[in-house]
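Enquirer: structural data only, the sequence is not supplied:
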(Lines give C-alpha, C1' and ligand atoms only; values in the text may rest on other atoms or scores of the structure.)
Protein backbone atom coordinates (compact mmCIF):
# COMPACT_ATOMS: atom_id res chain seq x y z
CA UNK A 1 0.00 0.00 0.00
CA UNK A 2 1.14 3.53 -0.81
CA UNK A 3 0.01 6.86 0.67
CA UNK A 4 0.35 10.23 -1.04
CA UNK A 5 1.09 13.04 1.41
CA UNK A 6 0.63 16.51 -0.02
CA UNK A 7 0.97 20.11 1.10
CA UNK A 8 1.38 23.64 -0.20
CA UNK A 9 3.34 25.65 2.32
CA UNK A 10 6.53 26.40 4.18
CA UNK A 11 8.91 24.13 6.09
CA UNK A 12 6.40 24.11 8.94
CA UNK A 13 3.84 22.46 6.65
CA UNK A 14 6.26 20.00 5.06
CA UNK A 15 8.17 18.73 8.10
CA UNK A 16 5.14 17.19 9.89
CA UNK A 17 4.33 15.21 6.74
CA UNK A 18 7.91 13.96 6.63
CA UNK A 19 7.46 12.82 10.24
CA UNK A 20 4.23 11.00 9.33
CA UNK A 21 5.84 9.50 6.23
CA UNK A 22 8.70 8.13 8.31
CA UNK A 23 6.26 6.45 10.70
CA UNK A 24 4.21 5.01 7.85
CA UNK A 25 7.34 3.56 6.28
CA UNK A 26 8.25 1.93 9.61
CA UNK A 27 4.81 0.28 9.61
CA UNK A 28 5.46 -1.23 6.18
CA UNK A 29 3.65 1.26 3.93
CA UNK A 30 5.12 3.05 0.94
CA UNK A 31 4.85 6.84 0.79
CA UNK A 32 5.18 9.67 -1.68
CA UNK A 33 5.39 13.35 -0.75
CA UNK A 34 4.08 16.20 -2.90
CA UNK A 35 5.24 19.70 -1.86
CA UNK A 36 6.78 22.91 -3.25
CA UNK A 37 10.04 22.32 -5.15
CA UNK A 38 12.13 24.09 -2.48
CA UNK A 39 12.06 20.96 -0.32
CA UNK A 40 13.08 18.30 -2.86
CA UNK A 41 16.70 17.99 -1.76
CA UNK A 42 15.86 17.96 1.97
CA UNK A 43 13.08 15.37 1.59
CA UNK A 44 15.44 13.18 -0.45
CA UNK A 45 17.68 12.78 2.63
CA UNK A 46 14.87 10.72 4.19
CA UNK A 47 14.64 8.50 1.09
CA UNK A 48 11.06 9.61 0.50
CA UNK A 49 9.94 9.86 -3.17
CA UNK A 50 9.17 13.51 -3.93
CA UNK A 51 6.86 15.23 -6.43
CA UNK A 52 7.16 19.03 -6.79
CA UNK A 53 3.97 21.08 -7.02
CA UNK A 54 3.44 24.79 -7.57
CA UNK A 55 6.00 27.61 -7.61
CA UNK A 56 8.95 28.06 -5.27
CA UNK A 57 7.80 28.85 -1.74
CA UNK A 58 11.08 30.55 -0.92
CA UNK A 59 9.99 33.66 -2.77
CA UNK A 60 7.51 34.35 0.03
CA UNK A 61 10.44 34.77 2.43
CA UNK A 62 12.15 37.47 0.39
CA UNK A 63 12.76 40.74 2.29
CA UNK A 64 9.63 42.85 2.29
CA UNK A 65 9.51 46.40 0.95
CA UNK A 66 8.55 49.12 3.37
CA UNK A 67 5.35 49.84 1.49
CA UNK A 68 2.40 47.55 2.09
CA UNK A 69 1.83 44.90 -0.54
CA UNK A 70 -1.34 45.86 -2.47
CA UNK A 71 -4.33 43.57 -2.16
CA UNK A 72 -4.88 41.58 -5.38
CA UNK A 73 -7.82 42.59 -7.56
CA UNK A 74 -10.82 40.24 -7.95
CA UNK A 75 -9.67 39.45 -11.49
CA UNK A 76 -6.20 38.55 -10.25
CA UNK A 77 -7.68 36.31 -7.54
CA UNK A 78 -9.91 34.52 -10.08
CA UNK A 79 -6.97 33.97 -12.41
CA UNK A 80 -4.86 32.61 -9.54
CA UNK A 81 -7.67 30.29 -8.44
CA UNK A 82 -8.23 28.86 -11.91
CA UNK A 83 -4.53 28.31 -12.48
CA UNK A 84 -3.85 26.74 -9.07
CA UNK A 85 -6.80 24.34 -9.21
CA UNK A 86 -5.78 23.13 -12.65
CA UNK A 87 -2.11 22.68 -11.75
CA UNK A 88 -2.95 20.92 -8.49
CA UNK A 89 -5.26 18.46 -10.21
CA UNK A 90 -2.75 17.69 -12.94
CA UNK A 91 0.19 17.15 -10.55
CA UNK A 92 -1.72 15.32 -7.82
CA UNK A 93 -3.52 13.05 -10.28
CA UNK A 94 -0.19 11.83 -11.60
CA UNK A 95 1.33 11.56 -8.11
CA UNK A 96 -1.66 9.56 -6.79
CA UNK A 97 -1.84 7.17 -9.74
CA UNK A 98 -0.81 4.06 -7.75
CA UNK A 99 -1.74 5.27 -4.25
CA UNK A 100 -4.30 3.89 -1.82
CA UNK A 101 -4.97 7.11 0.14
CA UNK A 102 -4.34 10.86 0.04
CA UNK A 103 -3.41 12.89 3.12
CA UNK A 104 -3.52 16.64 2.47
CA UNK A 105 -2.71 19.61 4.66
CA UNK A 106 -3.51 23.34 4.27
CA UNK A 107 -6.79 24.61 2.90
CA UNK A 108 -5.12 25.85 -0.28
CA UNK A 109 -5.12 22.30 -1.68
CA UNK A 110 -8.42 22.72 -3.46
CA UNK A 111 -8.10 19.76 -5.83
CA UNK A 112 -6.70 17.09 -3.49
CA UNK A 113 -10.03 15.61 -2.44
CA UNK A 114 -11.27 15.62 -6.02
CA UNK A 115 -8.22 13.58 -7.02
CA UNK A 116 -8.98 11.06 -4.26
CA UNK A 117 -12.66 10.87 -5.26
CA UNK A 118 -11.79 10.28 -8.90
CA UNK A 119 -9.50 7.43 -7.90
CA UNK A 120 -11.98 6.07 -5.34
CA UNK A 121 -9.47 6.14 -2.46
CA UNK A 122 -9.68 7.56 1.09
CA UNK A 123 -8.88 11.22 1.67
CA UNK A 124 -7.73 12.75 4.97
CA UNK A 125 -7.40 16.46 5.65
CA UNK A 126 -5.11 17.54 8.47
CA UNK A 127 -4.59 20.98 9.99
CA UNK A 128 -1.63 22.15 12.04
CA UNK A 129 -3.55 24.80 13.98
CA UNK A 130 -7.03 24.61 15.58
CA UNK A 131 -7.98 27.96 14.06
CA UNK A 132 -7.62 26.48 10.57
CA UNK A 133 -10.81 24.49 11.23
CA UNK A 134 -14.28 26.05 11.62
CA UNK A 135 -15.46 26.56 15.19
CA UNK A 136 -17.57 29.16 17.01
CA UNK A 137 -14.77 29.31 19.60
CA UNK A 138 -12.28 31.08 17.32
CA UNK A 139 -12.22 33.21 14.15
CA UNK A 140 -10.91 31.88 10.82
CA UNK A 141 -7.36 32.51 9.74
CA UNK A 142 -7.40 35.33 7.15
CA UNK A 143 -5.97 34.86 3.67
CA UNK A 144 -5.01 38.38 2.50
CA UNK A 145 -3.08 36.90 -0.44
CA UNK A 146 -6.47 35.82 -1.82
CA UNK A 147 -7.96 39.29 -1.38
CA UNK A 148 -9.69 38.55 1.94
CA UNK A 149 -10.32 41.73 3.94
CA UNK A 150 -9.44 41.53 7.67
CA UNK A 151 -12.58 41.36 9.78
CA UNK A 152 -13.38 43.87 12.53
CA UNK A 153 -12.40 42.73 16.01
CA UNK A 154 -16.01 43.04 17.18
CA UNK A 155 -17.34 40.51 14.65
CA UNK A 156 -18.95 37.29 15.88
CA UNK A 157 -16.99 34.12 15.10
CA UNK A 158 -19.97 32.48 13.40
CA UNK A 159 -20.38 35.51 11.16
CA UNK A 160 -16.66 35.46 10.37
CA UNK A 161 -16.73 31.80 9.37
CA UNK A 162 -19.80 32.39 7.22
CA UNK A 163 -18.00 35.26 5.47
CA UNK A 164 -14.90 33.10 5.07
CA UNK A 165 -17.02 30.32 3.56
CA UNK A 166 -18.54 32.75 1.04
CA UNK A 167 -15.11 34.11 0.13
CA UNK A 168 -13.65 30.62 -0.47
CA UNK A 169 -16.71 29.64 -2.51
CA UNK A 170 -16.56 32.82 -4.57
CA UNK A 171 -12.84 32.28 -5.21
CA UNK A 172 -12.62 28.55 -5.85
CA UNK A 173 -16.16 27.28 -6.40
CA UNK A 174 -16.38 27.93 -10.13
CA UNK A 175 -12.96 26.53 -11.16
CA UNK A 176 -13.31 23.52 -8.86
CA UNK A 177 -16.78 22.63 -10.12
CA UNK A 178 -15.77 23.18 -13.73
CA UNK A 179 -12.97 20.70 -13.20
CA UNK A 180 -15.25 18.21 -11.46
CA UNK A 181 -17.75 18.41 -14.30
CA UNK A 182 -15.10 17.48 -16.86
CA UNK A 183 -14.25 14.26 -14.95
CA UNK A 184 -17.83 13.26 -14.14
CA UNK A 185 -18.06 14.29 -10.48
CA UNK A 186 -20.98 16.18 -8.89
CA UNK A 187 -20.53 19.86 -8.03
CA UNK A 188 -19.51 21.05 -4.55
CA UNK A 189 -21.76 23.50 -2.70
CA UNK A 190 -19.33 24.37 0.13
CA UNK A 191 -15.67 24.33 -0.90
CA UNK A 192 -14.34 24.70 2.66
CA UNK A 193 -16.44 21.83 3.99
CA UNK A 194 -15.42 19.76 0.98
CA UNK A 195 -11.71 20.33 1.72
CA UNK A 196 -11.89 19.88 5.51
CA UNK A 197 -14.33 16.91 5.48
CA UNK A 198 -16.59 16.19 8.45
CA UNK A 199 -13.80 14.31 10.28
CA UNK A 200 -10.58 16.34 9.93
CA UNK A 201 -7.34 15.60 11.72
CA UNK A 202 -5.52 18.15 13.88
CA UNK A 203 -1.77 17.50 14.09
CA UNK A 204 -0.73 19.78 16.93
CA UNK A 205 -0.08 19.14 20.61
CA UNK A 206 -3.23 18.79 22.67
CA UNK A 207 -1.87 20.85 25.59
CA UNK A 208 -0.25 23.59 23.56
CA UNK A 209 -3.13 24.02 21.09
CA UNK A 210 -6.22 22.01 22.07
CA UNK A 211 -9.35 21.71 19.98
CA UNK A 212 -11.65 24.13 21.85
CA UNK A 213 -14.66 21.80 22.09
CA UNK A 214 -13.65 18.79 24.18
CA UNK A 215 -16.99 17.10 23.49
CA UNK A 216 -16.54 17.30 19.71
CA UNK A 217 -15.39 13.85 18.58
CA UNK A 218 -15.39 14.68 14.86
CA UNK A 219 -11.90 16.21 15.07
CA UNK A 220 -9.13 13.66 15.60
CA UNK A 221 -6.16 15.22 17.45
CA UNK A 222 -3.33 12.71 17.87
CA UNK A 223 -0.76 15.37 18.80
CA UNK A 224 2.02 17.09 16.89
CA UNK A 225 3.84 15.16 14.16
CA UNK A 226 7.39 15.58 15.38
CA UNK A 227 10.44 14.60 13.36
CA UNK A 228 13.26 13.36 15.65
CA UNK A 229 16.58 15.11 15.11
CA UNK A 230 19.74 13.34 16.29
CA UNK A 231 22.26 15.68 14.66
CA UNK A 232 25.04 17.09 16.81
CA UNK A 233 25.34 20.86 16.95
CA UNK A 234 28.11 22.28 14.73
CA UNK A 235 31.44 22.73 16.58
CA UNK A 236 31.40 26.49 15.98
CA UNK A 237 27.98 26.75 17.65
CA UNK A 238 28.95 24.51 20.57
CA UNK A 239 32.09 26.55 21.14
CA UNK A 240 30.08 29.77 21.10
CA UNK A 241 27.52 28.44 23.58
CA UNK A 242 30.26 27.28 25.94
CA UNK A 243 32.46 30.37 25.60
CA UNK A 244 30.77 32.51 28.26
CA UNK A 245 28.54 32.40 31.31
CA UNK A 246 26.31 34.98 29.65
CA UNK A 247 23.13 33.23 28.43
CA UNK A 248 22.20 33.13 24.75
CA UNK A 249 18.99 34.16 23.04
CA UNK A 250 17.95 32.54 19.77
CA UNK A 251 16.37 34.64 17.01
CA UNK A 252 15.02 33.04 13.85
CA UNK A 253 12.08 33.25 11.44
CA UNK A 254 12.59 30.00 9.57
CA UNK A 255 11.07 29.88 6.10
CA UNK A 256 8.95 33.04 6.38
CA UNK A 257 9.81 36.68 5.78
CA UNK A 258 11.47 38.44 8.71
CA UNK A 259 10.30 41.97 9.60
CA UNK A 260 12.47 44.85 8.36
CA UNK A 261 15.52 45.59 10.51
CA UNK A 262 14.95 42.55 12.73
CA UNK A 263 18.58 41.60 13.16
CA UNK A 264 19.83 45.08 14.01
CA UNK A 265 17.02 45.44 16.52
CA UNK A 266 17.67 42.01 18.01
CA UNK A 267 21.39 42.69 18.54
CA UNK A 268 20.67 45.81 20.58
CA UNK A 269 17.77 44.27 22.53
CA UNK A 270 19.64 41.08 23.41
CA UNK A 271 22.63 43.08 24.61
CA UNK A 272 20.31 45.29 26.67
CA UNK A 273 19.14 42.27 28.68
CA UNK A 274 22.69 41.01 29.24
CA UNK A 275 22.65 38.10 26.79
CA UNK A 276 24.44 36.93 23.66
CA UNK A 277 22.74 36.23 20.35
CA UNK A 278 22.40 33.15 18.15
CA UNK A 279 20.73 34.00 14.83
CA UNK A 280 19.26 31.46 12.43
CA UNK A 281 19.87 32.67 8.90
CA UNK A 282 16.65 31.14 7.59
CA UNK A 283 15.17 32.00 4.22
CA UNK A 284 15.19 35.77 4.83
CA UNK A 285 18.25 35.47 4.98
CA UNK A 286 19.42 37.14 8.18
CA UNK A 287 23.10 38.11 8.36
CA UNK A 288 25.39 40.42 10.31
CA UNK A 289 27.10 43.29 8.49
CA UNK A 290 30.01 43.11 10.96
CA UNK A 291 31.08 40.08 12.99
CA UNK A 292 30.79 40.53 16.75
CA UNK A 293 32.09 38.25 19.52
CA UNK A 294 28.68 38.11 21.23
CA UNK A 295 26.72 37.21 18.07
CA UNK A 296 26.73 34.10 15.89
CA UNK A 297 24.79 33.43 12.69
CA UNK A 298 24.04 29.77 11.96
CA UNK A 299 22.38 27.88 9.14
CA UNK A 300 20.30 24.71 9.36
CA UNK A 301 20.92 23.18 12.82
CA UNK A 302 19.19 20.86 15.30
CA UNK A 303 16.70 23.20 16.97
CA UNK A 304 15.55 20.48 19.34
CA UNK A 305 19.04 20.43 20.87
CA UNK A 306 19.83 24.13 20.50
CA UNK A 307 16.66 25.34 22.22
CA UNK A 308 17.60 23.39 25.35
CA UNK A 309 20.70 25.52 25.62
CA UNK A 310 19.29 29.03 25.19
CA UNK A 311 17.61 31.33 27.67
CA UNK A 312 14.84 32.35 25.28
CA UNK A 313 13.63 31.78 21.71
CA UNK A 314 12.47 34.75 19.61
CA UNK A 315 10.56 33.58 16.55
CA UNK A 316 7.62 34.08 14.20
CA UNK A 317 5.17 31.71 15.87
CA UNK A 318 4.94 28.85 13.41
CA UNK A 319 3.46 25.65 14.74
CA UNK A 320 6.71 23.70 14.46
CA UNK A 321 9.00 26.28 16.09
CA UNK A 322 6.48 26.98 18.86
CA UNK A 323 6.17 23.27 19.62
CA UNK A 324 9.93 22.69 19.51
CA UNK A 325 10.61 25.58 21.89
CA UNK A 326 7.84 24.43 24.23
CA UNK A 327 9.18 20.88 24.22
CA UNK A 328 12.68 22.19 25.02
CA UNK A 329 11.36 24.21 27.97
CA UNK A 330 12.62 27.50 26.54
CA UNK A 331 10.72 30.75 27.21
CA UNK A 332 9.44 32.29 23.99
CA UNK A 333 8.93 35.72 22.49
CA UNK A 334 6.61 35.38 19.51
CA UNK A 335 6.52 38.13 16.86
CA UNK A 336 3.67 36.91 14.62
CA UNK A 337 3.57 37.95 10.98
CA UNK A 338 0.80 36.05 9.18
CA UNK A 339 -1.79 33.29 9.27
CA UNK A 340 -1.65 30.90 12.29
CA UNK A 341 1.28 32.70 13.94
CA UNK A 342 -1.08 35.06 15.76
CA UNK A 343 -2.91 32.08 17.25
CA UNK A 344 0.29 30.54 18.60
CA UNK A 345 1.46 33.89 19.94
CA UNK A 346 -1.74 34.15 21.97
CA UNK A 347 -1.35 30.58 23.24
CA UNK A 348 2.24 31.16 24.39
CA UNK A 349 1.11 34.23 26.28
CA UNK A 350 -1.97 32.55 27.78
CA UNK A 351 0.09 29.57 28.98
CA UNK A 352 2.62 31.86 30.64
CA UNK A 353 5.58 30.24 28.84
CA UNK A 354 6.56 33.46 27.11
CA UNK A 355 4.98 36.47 25.52
CA UNK A 356 3.32 37.71 22.33
CA UNK A 357 4.94 40.80 20.85
CA UNK A 358 2.42 43.48 19.95
CA UNK A 359 2.97 44.35 16.31
CA UNK A 360 4.83 42.62 13.52
CA UNK A 361 7.89 44.91 13.50
CA UNK A 362 9.69 45.22 16.84
CA UNK A 363 11.65 48.22 18.02
CA UNK A 364 14.66 47.98 20.29
CA UNK A 365 12.50 49.16 23.17
CA UNK A 366 9.60 46.77 22.52
CA UNK A 367 11.83 43.74 22.00
CA UNK A 368 13.90 44.57 25.07
CA UNK A 369 10.73 44.75 27.14
CA UNK A 370 9.43 41.47 25.71
CA UNK A 371 12.73 39.71 26.38
CA UNK A 372 12.94 41.11 29.90
CA UNK A 373 9.50 39.67 30.63
CA UNK A 374 10.30 36.29 29.08
CA UNK A 375 13.56 35.99 31.03
CA UNK A 376 11.90 36.35 34.41
CA UNK A 377 12.58 33.28 36.61
CA UNK A 378 8.91 32.45 37.00
CA UNK A 379 8.44 32.31 33.21
CA UNK A 380 11.46 30.05 32.82
CA UNK A 381 10.07 27.78 35.57
CA UNK A 382 6.68 27.54 33.82
CA UNK A 383 8.33 26.84 30.46
CA UNK A 384 10.42 24.01 31.94
CA UNK A 385 7.41 22.50 33.68
CA UNK A 386 5.26 22.78 30.55
CA UNK A 387 7.83 20.89 28.47
CA UNK A 388 6.86 17.66 30.22
CA UNK A 389 3.27 18.00 28.96
CA UNK A 390 4.21 17.93 25.26
CA UNK A 391 3.47 14.53 23.77
CA UNK A 392 5.87 13.00 21.27
CA UNK A 393 3.79 10.16 19.79
CA UNK A 394 1.42 12.12 17.55
CA UNK A 395 2.90 10.93 14.26
CA UNK A 396 2.95 7.33 15.47
CA UNK A 397 -0.71 7.45 16.54
CA UNK A 398 -1.75 9.01 13.23
CA UNK A 399 0.27 6.47 11.23
CA UNK A 400 -1.27 3.57 13.14
CA UNK A 401 -4.78 4.95 12.63
CA UNK A 402 -4.28 5.40 8.90
CA UNK A 403 -2.63 2.00 8.52
CA UNK A 404 -5.47 0.27 10.38
CA UNK A 405 -8.04 2.02 8.17
CA UNK A 406 -6.31 0.96 4.97
CA UNK A 407 -5.78 -2.62 6.07
CA UNK A 408 -9.30 -3.19 7.42
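Expert: On my side now, so go ahead. From a predicted model like this one, the values you see are computed outputs, not experimental measurements.
Enquirer: tell me the spacing between residue 223 and residue 141.
Expert: 21 Å (CB to CB, to the nearest Å). (Each C-beta comes from the backbone N, C-alpha and C, glycine too.)
Enquirer: what about the strand or helix carrying residue 179, average pLDDT?
Expert: Using DSSP states H and E, residue 179 maps to helix 157-182. In this model, helix 157-182 has a mean pLDDT of 93.
Enquirer: helices of the stretch 251-400 of the chain, residue ranges please.
Expert: Per DSSP state H, counting those that start in this stretch, the stretch 251-400 of the chain carries helices over the ranges 262-272, 303-306, 319-328, 341-351, 364-374, 377-387, 394-407.
Enquirer: pipe those into CSV and attach mean neighbour count per row.
Expert: CSV is the format used below for the helices of the stretch 251-400 of the chain (neighbours: other CB atoms under 10 Å):
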stretch, mean neighbour count
helix 262-272, 20
helix 303-306, 20
helix 319-328, 26
helix 341-351, 21
helix 364-374, 19
helix 377-387, 15
helix 394-407, 18
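Enquirer: can I get those in TSV including distance to residue 236 and mean pLDDT?
Expert: Formatted as TSV, the helices of the stretch 251-400 of the chain follow (distance: least, CB to CB, whole Å; pLDDT from 0 to 100):
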stretch	distance to residue 236	mean pLDDT
helix 262-272	18	94
helix 303-306	12	97
helix 319-328	21	97
helix 341-351	30	96
helix 364-374	24	97
helix 377-387	26	97
helix 394-407	31	97
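Enquirer: CSV for those helices, including distance to residue 47?
Expert: Below are these laid out as CSV (distance: least, CB to CB, whole Å):
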stretch, distance to residue 47
helix 262-272, 36
helix 303-306, 21
helix 319-328, 21
helix 341-351, 31
helix 364-374, 39
helix 377-387, 31
helix 394-407, 17
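Enquirer: tell me what the helix holding residue 179 is packed against?
Expert: Using 3 or more CB pairs under 8 Å, 6 or more residues apart in numbering; DSSP states H and E, the elements in contact with helix 157-182 are helix 74-95, helix 112-119, helix 191-196.
Enquirer: nearest to residue 371, of the ones you listed?
Expert: helix 191-196 (37.9 Å; CB to CB).
Enquirer: identify each buried residue in that closest one, please.
Expert: By 16 or more other CB atoms under 10 Å, the buried positions in helix 191-196 come out as 191-192, 194-196.
Enquirer: what's the domain layout of the protein?
Expert: 2-226+392-407, 235-387 (automatic domain parsing).
Enquirer: which stretch in those is the model least sure about?
Expert: Lowest mean pLDDT within the domains of the chain: domain 2-226+392-407, a mean of 89.
Enquirer: just the endpoints, please. Distance across that domain?
Expert: One end of domain 2-226+392-407 sits 12 Å from the other (CA to CA, to the nearest Å).
Enquirer: distance from the chain centre to that domain, please.
Expert: Taking CA atoms, centre = their mean, to the nearest Å, one finds the center of domain 2-226+392-407 at 11 Å from the center of the full chain.
Enquirer: again with stretch 338-357
Expert: The answer for stretch 338-357 is 14 Å, by CA atoms, centre = their mean.
Enquirer: start to end distance for that stretch?
Expert: 13 Å.
Enquirer: same question for stretch 43-55.
Expert: 17 Å.
Enquirer: and that stretch, which residues are buried?
Expert: 43, 48, 50-54.
Enquirer: A helix includes residue 124, no?
Expert: No. According to DSSP: H, G, I helix; E, B strand; the rest coil, residue 124 belongs to no helix; its state is strand.
Enquirer: most tightly packed of the helices and strands packed on helix 157-182?
Expert: Of all these, helix 112-119 has the most neighbours on average by mean count of other CB atoms under 10 Å, namely a mean of 22.
Enquirer: residue 274 - how many residues pack around it?
Expert: 12 (other CB atoms under 10 Å).
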